[in-house]
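> sequence? don't have it. structure:
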């Protein structure tokens, strides 16, 4: 009787009712009758690290975005995973004025916020929520602006404050954004995981109770799951949001089991303690794919792994030194040893699949002799000592930064550069990076949307250097002008020419050395269906179905 | 006896005082800002600095600061953790029971397995059974705990797929934190899946408990055996036998009681080793206890947490040590008279 109950509660899902009931009958007839219903109706995603916050506005780390964005929140627009096109989200439709400076959004009606132990929504989503969300970022006098440090890294990197003059609620279901200049990446930025819509009503309640910080630790959104509990370094627990405006999430419960150790994450997949595992070790893909109970999903993804130099620290402020270091690195060896061939060598920060990619860039050669000569020209004939910061977690763009650092250490020793490897726990690591304490760092970037601007402004612009997301700490007027001009026009051909020039300029200046564009992998228990890799941004788990044969 | 108790308590107070001094001075020895290390606040607004400096008496001498520190410790204001920005005492309150639970079950196993095995081995010291027990005990004593744990995981989790590899309970079971002891909390909960959860928790518990119990069990076996053999040689045993009591009666009435005395003392002495081993076990099995938390804190350079963790664990070890010594006194008429 118990088993049946589990399936009936699932059958509320709708369309799949009949197939689920069938599956339920099959399960009753005895394949795995000892599986309790809690386990059947819940999904366990084993992630690689703890989130820094539960508000996507405040973060850029992929670990955090994976855990919170798609699960708890919705955005005005979404990105179709297969085509990269923008689709309606909380905004049903939108219009752009002829001069490209006014955007009008019509909001979907009857979108409900989460009901939790700490908040009961009194009304559905309306224009005030959109206003609250973006005013928090833009208005320094906003009561919530300085909650969590007042840093909105993604929005600052795309110069949001100077771009958006104001957000106006025209009526309950209509919002107008007034921009100071046309920006062809504006809609794409609204569709990123960072532009999640928060609840103004919840904010009012927090102001009344004077517990403003709960906004970012006890989240309320409109997404497919609602927050239940979070134990740092242990787990995050979500339950299904019953009044979700789209088709309700399939799993009744979603748990992010935080397992930073790669081997342990794999072990948990094999023992079925995890249903889906983030970032299986590329070295083990062969082993995993041999198991009948586990599937490996693969997809090309918009990302780049790079080695960024702190360009405001000597000797890295010298272009010749940066070029020399670039010549000293044997990338083929890295592609083999670190990515196991599951990546393409990067020639630009943009992946070749982007429409703005510059195919005419010279390929970065490996040549220690040239590197030595360049170092001599730069005034360092005997080399120097430096630190390579290697990130402690495994990310798509760099599956094993420590190993990469070790390989590079050996390469650099050949040209007389003595490198030591530095690493901290992930949150401390990111904090110290933002303070620009590093000499150079092995890190990377995964795109949040299909717009090429997403690879330039958040990574290398002056505003990104101010907010501490520019790992090269690089601020160059010429470069900023190029990528700035690209935004002023909606004509793709014209935009492309600016981006080609920008990439050319980057190749000369070498604030960072692009290393590889990696494929994305996800290992998943073969009885789970409906989980796919999203090439833009965080993982979405609302469609996961446990199909027990 | 009262005098003895007083002396012990005095000693305990003195040791704890020294310990608190050490913990207090850590805040000054760690790198970084003292105010941050003491409060655990990562960002302190400029206007807050003055308020906190007065509150923590940083503007006064070290003695005043230390007294303020003691007051805070006693009143439960232990500061925040750098990593989570949550009150440390609250975090420890959640984590410590997990460690105690693990250690308690391991100790129980070591009693109920170790002492009988030790007695069996002592009954016929030259017999095959005794030799097998001794061989196993010496193997278990010398095996490195992390290797032993990995071997068991390899066999039972990855190889046979019988048992989970990590955690206290399947993450999909939500058990409300009441006492912090998992089994107790499950029994107290009114969840419909209580039996499933209980079974699941037991399955999670089996390997870590077994691993952690290995060392104390072997110590127990060896000690019980040696102690039994020692007692067996005593003249009062021979007298008892001569009076006509059979082996079992002698064993129970005269042998066991005397032989177990030094074993009680061993528990106290082995407790610090047990806690150290528990830390390793927690790390390997991702057991959310205080040991794993402390090791994570060291890696995260979470100074307030290191300070508080050290204070709690050393207080625990010292108290248990002291307690077993007093118990030993209580049960041992000879020692009581001295």
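Okay, I see it. Nothing here was measured: the structure is a model prediction, and the numbers come from that model.
> how much space separates the closest residue to residue B:181 other than its chain neighbours from residue A:42?
What sits nearest to residue B:181 in space, not counting adjacent residues and going by Cβ to Cβ, 6 or more residues apart in numbering or on different chains, is residue B:101, at 4.9 Å. Every C-beta, even on glycine, is put in place using the N, C-alpha and C of the backbone. The spacing between residue B:101 and residue A:42, counted by Cβ to Cβ, to the nearest Å, is 24 Å.
> for chain B, what helix or strand is lowest in average pLDDT?
Least confident helix or strand, chain B: helix B:333-337 with a mean of 68, by mean pLDDT, DSSP states H and E.
> wait, the residue nearest to residue B:181 sits on residue B:182?
Yes. With contact defined as Cβ atoms under 8 Å, residue B:101 reaches residue B:182; the gap is 6.3 Å.
> contact residues of chain B facing chain A?
B:43, B:83-84, B:86, B:94, B:153, B:157-158, B:161, B:163-167, B:170-174, B:193, B:196-197, B:200, B:286, B:288, B:293, B:296, B:299-301 (Cβ under 8 Å from any Cβ of the partner chain).
> just the buried subset of those, written out for ChimeraX, thanks.
Of those, the buried ones go into a single ChimeraX selection, burial set by 16 or more other Cβ atoms under 10 Å in any protein chain shown:
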select /B:83,84,94,153,157,163,164,165,166,167,170,171,172,173,174,193,196,197,200,286,288,293,296,300,301
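> just the ones of the residues of chain B next to chain A in helices?
Those of those mapping onto helices are B:94, B:196-197, B:200, B:293, B:296, B:299, per DSSP state H.
> does stretch A:538-545 reach chain B?
No. Stretch A:538-545 lies out of reach of chain B by Cβ under 8 Å from any Cβ, never closer than 13.2 Å.
> and that stretch, what's buried?
Per 16+ other Cβ under 10 Å, stretch A:538-545 contains these buried residues: A:538-542, A:544-545.
> could you list the low-confidence segments of the chain?
You didn't say which chain, so I picked chain A. By pLDDT under 70, the low-scoring segments of chain A are A:1-38, A:548-549.
> look at chain B instead
For chain B (pLDDT under 70), the answer is B:335-338.
> so who does the residue of the stretch 201-338 of chain B found nearest chain A touch?
Nearest residue of the stretch 201-338 of chain B to chain A (Cβ to the nearest Cβ) works out as residue B:300 at 4.3 Å. For residue B:300, the contact set (Cβ atoms under 8 Å, 6 or more residues apart in numbering or on different chains) comprises A:424-425, A:427-428, B:82-83.
> spatially central residue for the chain, please.
Because you didn't say which chain, this covers chain A. residue A:62 (3.6 Å; Cα atoms, centre = their mean).
> hmm, I had chain B in mind actually
residue B:275 (4.1 Å).
> in which helix or strand does that one reside?
Under the criterion of DSSP states H and E, residue B:275 resides in helix B:257-284.
> other SSEs contacting that helix?
helix B:88-109, helix B:145-152, helix B:194-232, helix B:290-299, helix B:303-331 (3 or more Cβ pairs under 8 Å, 6 or more residues apart in numbering or on different chains; DSSP states H and E).
> between it and helix B:303-331, how big is the angle?
With axes from the mean of the first three to the mean of the last three Cα atoms, to 10 degrees applied, the angle from helix B:257-284 to helix B:303-331 works out at 170 degrees.
> can you give me the buried ones in helix B:257-284?
So, applying 16+ other Cβ under 10 Å, buried residues of helix B:257-284: B:258-268, B:270-272, B:274-275, B:277-284.
> dump the ones in helices among the residues of chain B next to chain A to a markdown table, plus distance to residue A:56.
Below are those laid out as a markdown table (distance: Cβ to Cβ, whole Å):
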| residue | distance to residue A:56 |
| --- | --- |
| B:94 | 27 |
| B:196 | 35 |
| B:197 | 33 |
| B:200 | 33 |
| B:293 | 28 |
| B:296 | 25 |
| B:299 | 27 |
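> ok now do the closest residue to chain A within the stretch 1-150 of chain B, which residues does it touch?
Going by Cβ to the nearest Cβ, chain A is nearest to residue B:84 of the stretch 1-150 of chain B, at 4.5 Å. Residues counted as contacts of residue B:84 (Cβ under 8 Å, 6+ apart) are A:232, B:91.
> rerun at 10 Å
With contacts defined as Cβ atoms under 10 Å, 6 or more residues apart in numbering or on different chains, the neighbours of residue B:84 are A:50, A:217, A:230-233, A:427, B:40, B:90-91, B:300, B:302, B:305.
> now for the residues you listed, which pair is the farthest apart?
Longest distance between any two of these is 19.8 Å, between A:427 and B:90; criterion Cβ to Cβ.
> neighbour count: those two, which is higher?
Counted by other Cβ atoms under 10 Å in any protein chain shown, residue A:427 and residue B:90 do not tie: residue A:427 has more neighbours, with 21 against 14.
> where does that one land in three-state SS?
helix (DSSP: H, G, I helix; E, B strand; the rest coil).
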